[in-house]
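Chemist: What follows is a predicted structure for the sequence shown.
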Number of protein chains: 2
Amino acid sequence: MKIINKIAEMQQYSTLQRCEGKKIAVVPTMGFLHEGHLSLIDCARKEADIVIVTNFVNPTQFAPHEDLDTYPRNFEEDCKLCKERGTDIVFAPEADDMYCADRTTWVIEEKLSKHLCGLSRPVFFRGICTVVTKLFNITLPDIAVFGQKDAQQALIITRMVRDLNFPIEIIVAPLVREKDGLAMSSRNRYLNEGERHRGLVISRSLFRAEKMLVQNGIGRLGEVLSMIVDNISEAGGKIDYVEALDAATLEEPDENVKTLLLACAADFGKARLIDNVLVKIGE
Amino acid sequence: MKIINKIAEMQQYSTLQRCEGKKIAVVPTMGFLHEGHLSLIDCARKEADIVIVTNFVNPTQFAPHEDLDTYPRNFEEDCKLCKERGTDIVFAPEADDMYCADRTTWVIEEKLSKHLCGLSRPVFFRGICTVVTKLFNITLPDIAVFGQKDAQQALIITRMVRDLNFPIEIIVAPLVREKDGLAMSSRNRYLNEGERHRGLVISRSLFRAEKMLVQNGIGRLGEVLSMIVDNISEAGGKIDYVEALDAATLEEPDENVKTLLLACAADFGKARLIDNVLVKIGE
């Protein structure tokens, strides 16, 4: 496994591999890897000859009051894990190389990004679309793997790739949970023991809601959402959103909806936790 | 020479050529080619093994009141000219293939695009950045050639390529003029005989201004700009802007400016004419 820091070197490497007919998969990450990330690497490993994991805490997706400075980092451990899972290249650029001080270009998505996390984090998806475009142009992959944990991000990147004609296949890999149900996240590190335990209410409420919706359809969706809100609030979570949207469009579901995205975000202590389940309706 | 209409076919072609070690240059155009465009093709021909000319009147860079519907088109003649100049591929997609009805992704540049043409055409550069990104992702070039005629566009695309890390070299080729000095443009077709003659005032004023600036420096820039404004107005031109900006930043020039971009836009009849000269200061 090789670590590449420089943008030009990364582009040269990928160009060379492509010319040799190698299929390249990229797994974009912000590091502090957990089993969720590693499952994406496994997925990439199955699909491609060359697996590139990018490790870059992207400043442009954080608002000034958010946790850019305290975002957990552990580059050595990340590299060890990447190597164990068969990564070929870790691309870890410096922020100053990625972003010129006088940068003025952005990639924006103006509809899907207006829901869910986009409401409380208005610069978030602009930062993500821009950095992912950059990482695509630097790693030149055939395939890029994202996680269903960040369901809205996966939808937006898929839309961006279609709209801008990137010659890249997007694979969305399943959300990975701890044994007790908590969605894996680098930010779980922020939870103290009590918060860690109380945070379980999120996944448990979502699973319960899923069961109710599979049994009864979306006729009493309001009640289902209220149940989730009440449960999380009672456990001391500060709710950002609890929503059930059409998983294909992020619009309010109508009678023709095929798959619901049941998604929520809530703060437990310093940790913003997000989680979601996909619910197939009418099957 | 081959004409390709389909996006996937274009991507496959370019991918194959790249794998064979061929250097690809693209010349993005909206068709109705004149000697200005053809000079870009000549430039591409010198630099690359494969020359792709894209021919697409991009709807997203036109505002509703602008001339999308009447923009001159002559695809057969364009192809004949492309072939004569040694083009390998003309890429001419359908608008419906290029833009999904539910597209929501844009590439924006938020500083350089706020000057000159961007003030009266607020969606123009967003449309250009987006379509050029798409054309880059479809034609996958090593080199892209743009004309100095559209000086602001060339600057913005160069900035976008840097900011988004496209692995593409941008070449800006000189502006080409008719024998009498009129900057070549597809929109010159809109001019009647009288307007065509009166429109010469633009290039003549710019050349006169250039001489004054080379002789006297930028100390009396205001007078020079007034001279251009007065001349164009007297000839019946409806001025959008006459400006002298730092050619590197499009900011107001200060005492350290190395090259001035002296640029103007004015309507003569139905034709919006733009022109510019680069003036080296202090040499």
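Modeler: That came through, no problem. None of the values given here were measured: they were computed from a predicted structure.
Chemist: got the residue ranges for the helices in chain A?
Modeler: Taking DSSP state H to define them, one finds helices in chain A at A:7-19, A:35-47, A:75-84, A:95-98, A:117-120, A:124-139, A:151-164, A:193-198, A:200-216, A:221-234.
Chemist: Most tightly packed of those helices?
Modeler: The highest average neighbour count among the helices of chain A, using mean count of other Cβ atoms under 10 Å in any protein chain shown, belongs to helix A:124-139 at a mean of 24. Where C-beta positions appear, they are placed from N, C-alpha and C, glycine not excepted.
Chemist: gap between the two ends of stretch A:182-189?
Modeler: End-to-end span of stretch A:182-189 (Cα to Cα, to the nearest Å): 12 Å.
Chemist: can you list contacts of that stretch?
Modeler: Stretch A:182-189 is contacted from outside by A:30-36, A:67, A:71-72, A:149, A:175-178, A:196, A:199-200, A:202-203, A:271-275, using Cβ atoms under 8 Å, 6 or more residues apart in numbering or on different chains.
Chemist: Identify the residues contacting the closest residue to A:Val51 other than its chain neighbours.
Modeler: Counting by Cβ to Cβ, 6 or more residues apart in numbering or on different chains, A:Val51 lies nearest to A:Ala44, which is 4.6 Å off, once chain neighbours are set aside. Contacts here follow Cβ under 8 Å, 6+ apart; on that basis A:Ala44 touches A:25-27, A:51, A:143, A:145, A:171.
Chemist: quick revisit: need the helices of chain A in a markdown table (columns: distance to B:Gly237 and mean pLDDT).
Modeler: A markdown table is the format used below for the helices of chain A (distance: least, Cβ to Cβ, whole Å; pLDDT from 0 to 100):
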| stretch | distance to B:Gly237 | mean pLDDT |
| --- | --- | --- |
| helix A:7-19 | 46 | 96 |
| helix A:35-47 | 59 | 98 |
| helix A:75-84 | 61 | 98 |
| helix A:95-98 | 45 | 98 |
| helix A:117-120 | 45 | 96 |
| helix A:124-139 | 39 | 98 |
| helix A:151-164 | 38 | 98 |
| helix A:193-198 | 69 | 97 |
| helix A:200-216 | 65 | 96 |
| helix A:221-234 | 62 | 97 |
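Chemist: Turn the ones you listed into CSV, columns for distance to A:Cys264.
Modeler: Below are the helices of chain A laid out as CSV (distance: least, Cβ to Cβ, whole Å):
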stretch, distance to A:Cys264
helix A:7-19, 36
helix A:35-47, 17
helix A:75-84, 28
helix A:95-98, 31
helix A:117-120, 11
helix A:124-139, 16
helix A:151-164, 11
helix A:193-198, 14
helix A:200-216, 6
helix A:221-234, 6
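Chemist: Which among these is found nearest to B:Pro253?
Modeler: helix A:95-98 (28.4 Å; Cβ to Cβ).
Chemist: Can you list the helices and strands that that closest one packs against?
Modeler: Helix A:95-98 sits against no helix or strand, with contacts defined as 3 or more Cβ pairs under 8 Å, 6 or more residues apart in numbering or on different chains; DSSP states H and E.
Chemist: separation between the nearest residue to A:Val172 once chain neighbours are set aside and A:Leu33?
Modeler: Nearest residue to A:Val172, sequence neighbours excluded (Cβ to Cβ, 6+ apart): A:Ala154, at 4.5 Å. Taking Cβ to Cβ, to the nearest Å as the measure, A:Ala154 falls 18 Å from A:Leu33.
Chemist: Repeat that for A:Ala8.
Modeler: A:Ala8 is 26 Å from A:Leu33, by Cβ to Cβ.
Chemist: Would you map out the domains in chain A?
Modeler: According to automatic domain parsing, chain A comprises the domains A:2-173, A:186-277.
Chemist: out of those, which comes closest to B:Ser233?
Modeler: Nearest of the domains of chain A (Cβ to Cβ): domain A:2-173, 33.1 Å.
Chemist: what about stretch A:18-27 and chain B, touching?
Modeler: Yes - Stretch A:18-27 comes into contact with chain B (Cβ under 8 Å from any Cβ of the partner chain), by way of A:18-19, A:21.
Chemist: and of the residues you listed, the nearest to chain B?
Modeler: Within the residues of stretch A:18-27 next to chain B, the smallest distance to chain B is 5.4 Å, found for A:Cys19 (Cβ to the nearest Cβ).
Chemist: surely the closest one meets B:Arg18?
Modeler: Yes - applying Cβ atoms under 8 Å, one finds A:Cys19 in contact with B:Arg18, separated by 7.0 Å.
Chemist: picking up where we left off before, got a winner among the contacts of A:Ala44 for most neighbours?
Modeler: A:Val27 (31 neighbours; other Cβ atoms under 10 Å in any protein chain shown).
Chemist: confidence score at that residue?
Modeler: With respect to pLDDT, A:Val27 scores 98.
Chemist: about what we covered before: and the contacts of A:Ala44, which two are furthest apart?
Modeler: Spatial extent of the contacts of A:Ala44 (Cβ to Cβ) is set by the pair A:Val51 and A:Ile171 at 12.3 Å.
Chemist: re earlier: among the helices of chain A, which comes closest to B:Met98?
Modeler: Nearest of the helices of chain A (Cβ to Cβ): helix A:151-164, 10.0 Å.
Chemist: Excluding covalently adjacent residues, which one is nearest to the residue nearest the centre of chain A?
Modeler: Residue closest to the average C-alpha location in chain A (Cα atoms, centre = their mean): A:Asp150, at 3.2 Å. Leaving aside its sequence neighbours, A:Asp150 sits nearest to A:Ile274 (Cβ to Cβ, 6+ apart; 7.4 Å).
Chemist: re the thing from before, between the helices of chain A, which one is closest to B:Ile3.
Modeler: Counting by Cβ to Cβ, B:Ile3 lies closest to helix A:151-164 out of the helices of chain A; the figure is 23.5 Å.
Chemist: Just checking stretch A:126-144 against chain B, any contact.
Modeler: Yes - Stretch A:126-144 reaches chain B (Cβ under 8 Å from any Cβ) through A:129-130, A:133-134, A:137-138, A:140.
Chemist: buried ones in stretch A:258-272?
Modeler: By 16 or more other Cβ atoms under 10 Å in any protein chain shown, the buried positions in stretch A:258-272 come out as A:260-269, A:271-272.
Chemist: let me redo that: stretch A:178-198
Modeler: A:178, A:182-188, A:190-191, A:195-196, A:198.
Chemist: Any residues of the stretch 151-283 of chain A in contact with chain B? List them.
Modeler: A:159-160, A:162-167.
Chemist: Of the residues you listed, which pair is most distant in space?
Modeler: Maximum distance among those (Cβ to Cβ): 15.8 Å, for A:Arg159 and A:Pro167.
Chemist: Bridged to A:Phe268, which residues?
Modeler: Beta-bridge partners of A:Phe268, counted by DSSP bridges, are A:Ala271.
Chemist: which residues does it contact?
Modeler: Going by Cβ under 8 Å, 6+ apart, A:Phe268 touches A:191, A:195, A:198-199, A:236-238.
Chemist: If I look at it, what pLDDT would I see?
Modeler: Confidence at A:Phe268, expressed as pLDDT, is 97.
Chemist: before we move on, what about A:Gly219?
Modeler: According to the prediction, A:Gly219 has pLDDT 87.
Chemist: and what of A:Asn55?
Modeler: Per-residue confidence (pLDDT) for A:Asn55: 98.
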